[in-house]
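Enquirer: need a 3D model of the sequence below.
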Amino acid sequence: MEFEIQPPDWLQKYFEWHSSIKERKASRVAELGHVFIVGIGGAGMSGIARILIAQGAQVSGSDAKESRRLDALRALGVEVFIGHSGDWLKGVDTLVFSSAIPATNPERLAAAELGVTEMNRAEALVAVMAGSRGVAVAGTHGKTTTTSMLTVALQSCGADPSFAIGSELNETGA
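Expert: Numbering: from 1, shown residues only. Predicted coordinates for the structure are as follows:
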């Protein structure tokens with residue numbers, strides 16, 4: 001016996017709504033231009049990089065050391081630099097930095113000198129979420145697990161959610 005799972009009406013409406021905003025989102029991401037992410041190897045920043053790439057942005061970035069996350073980003077076409085230097089900002093329009101990056105960071109100093117738009121992680125999340133509906137999971141324990149289960153459930157129903165989770169999602173390798 002074979003069963004076909006149909007998404008509930010509310011989820012079908014979400015799919016229709018999601019399709020209608022794709023063009024608007026693409027134009028907003030285009031406004032960011034070439035995005036350089038300082039600290040791109042962190043869980044949160046690599047998630048933002050993946051969302052930007054999925055939305056068609058050109059992304060590059062730097063981190064203090066090599067990691068599996070950097071290898072995964074390189075496989076997606078991201079140019080990644082190890083260490084920090086203002087020389088890497090040629091052609092960059094927007095610089096995104098994590099809270100761990102001080103104002104004295106060479107890339108941040110170069111961005112200010114070159115007139116590159118700077119935004120912190122929270123501002124970058126706002127930019128990539130513009131025009132979208134979002135779900136936030138908060139609390140003391142279980143946020144990553146709950147967010148991962150929610151993401152996999154939406155994917156199982158045929159949705160294509162963007163997600164920024166503070167860890168790797170085993171189902172997708174992201």
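
Enquirer: show me where pLDDT drops low in the protein?
Expert: 1-7, 11-12, 14-27, 166-174 (pLDDT under 70).

Enquirer: where do the strands sit along the chain?
Expert: All strands of the chain, identified by DSSP state E, fall at 34-38, 58-63, 79-82, 94-97, 117-120.

Enquirer: reformat those strands as JSON lines; add mean neighbour count.
Expert: C-betas here are computed from N, CA, C, even on glycine. Putting the strands of the chain into JSON lines (neighbours: other Cβ atoms under 10 Å) gives the following:
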{"stretch": "strand 34-38", "mean neighbour count": "25"}
{"stretch": "strand 58-63", "mean neighbour count": "23"}
{"stretch": "strand 79-82", "mean neighbour count": "16"}
{"stretch": "strand 94-97", "mean neighbour count": "25"}
{"stretch": "strand 117-120", "mean neighbour count": "15"}
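
Enquirer: nearest residue to the spatially most central residue of the chain other than its sequence neighbours?
Expert: For the chain, Ile48 is the residue whose C-alpha lies nearest the centre (Cα atoms, centre = their mean; 1.7 Å). Closest residue to Ile48 apart from its sequence neighbours, by Cβ to Cβ, 6 or more residues apart in numbering: Ala124 at 5.2 Å.

Enquirer: from Glu31, how far off is that neighbour?
Expert: Distance, Ala124 to Glu31, by Cβ to Cβ, to the nearest Å: 13 Å.

Enquirer: for Val96, same thing?
Expert: Val96 is 14 Å from Glu31, by Cβ to Cβ.

Enquirer: residues contacting the nearest residue to Gly42 once chain neighbours are set aside?
Expert: Nearest residue to Gly42 in three dimensions, chain neighbours excluded: Ser98, at 5.7 Å (Cβ to Cβ, 6+ apart). Going by Cβ atoms under 8 Å, 6 or more residues apart in numbering, Ser98 touches Val38, Gly39, Gly42, Gly44, Met45, Asn120, Arg121.
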